[in-house]
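**Q** Only the shape, not the letters, is given here:
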């Protein structure tokens, strides 16, 4: 098990992620997942603020827990921990930090295997210096995707190690694009109804940017699909919501109406396949109708 950070032991008041090894009369024995699996203990009195009726309901063997460090005795190897002194917000913060640490460890381990070197050596030469400079190695690795020289130049790494490191980081940390979609019905029975609908749809598309382009497709009148693809999930959702709002405001000004059939949401390949199937079905129905009309005209 790796040591994510340079210090061999955590500091007092630091949040750490542990895994429960056993539950005894005194409390729970745990291993610190970010510190090479060294052992610590959560005293029974530090498990909960409430009266303990059943220890098993509070903590279980094999489960990961967020705890705070109360005391560290490096000479004797004692680490006393508390679960009851950790707030809900701190749990979220520690879990996020731990996930970042796992991502970094995965990258370091993979590069170590490719170079046939010890992962601890790469931690010492790469991860720990970057952690000290950027607050977390994960943040440095993310920045290196766009600014590799700024991040890695001070480390003076061998060219082959640097090449493998950049390759693994790009594969693991480059954001994957997400697709966001909304379905709306747009109607306008005024004299210039068709033009009003076109204007409204253009207003929706105009909200898009180069990073978050908005596309609108007709499924079958009056149903339209609005979609965008972006690596920035939050920006995609926000832009999509603005696009829907712009269409609604525009068509309302012209005396028309918009009904949201599906609010903006991240969609999967399955959703896309279902939409494609739906559009193909409508297209086939339209072709069939057109074919019937032609037949009638031929008979006449």
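**A** Received, thanks. Because the structure is predicted, anything quoted here is derived from the model rather than measured. Numbers count the residues shown, from 1 in each chain.
**Q** Which strand or helix spans the residue found closest to residue 144 once you drop the neighbours it is linked to in the chain?
**A** Nearest residue to residue 144, sequence neighbours excluded (C-beta to C-beta, 6 or more residues apart in numbering): residue 151, at 4.0 Å. Using the backbone N, CA and C atoms, a C-beta is placed for each residue, glycine as well. Secondary structure assignment for residue 151, by DSSP states H and E: helix 148-152.
**Q** List of residues touching that helix?
**A** 130, 140-141, 143-144, 162, 165-166 (C-beta atoms under 8 Å, 6 or more residues apart in numbering).
**Q** can you check stretch 112-123 too?
**A** The set of residues external to stretch 112-123 that reach it, using C-beta under 8 Å, 6+ apart, is 2-4, 108-109, 111, 160-161, 164, 168.
**Q** Mind listing what's buried along it?
**A** 112, 115, 119, 122-123 (16 or more other C-beta atoms under 10 Å).
**Q** Equivalent analysis for stretch 92-111, please.
**A** Applying a neighbour-count criterion of 16+ other C-beta under 10 Å, one finds 94, 97-98, 100-105, 107-108, 110-111 buried in stretch 92-111.
**Q** One more: stretch 1-15?
**A** For stretch 1-15, by 16+ other C-beta under 10 Å, it's 2-5, 9-10, 15.
**Q** Those residues in strands, which ones?
**A** Using DSSP state E, the subset of those located in strands is residue 15.
**Q** now the buried residues of stretch 1-15 in CSV, with pLDDT?
**A** Below are these laid out as CSV (pLDDT from 0 to 100):
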residue, pLDDT
2, 82
3, 89
4, 94
5, 92
9, 95
10, 95
15, 97
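**Q** Just the closest of the buried residues of stretch 1-15 to residue 190, please.
**A** Set against residue 190, the nearest of the buried residues of stretch 1-15 by C-beta to C-beta is residue 15 (60.7 Å).
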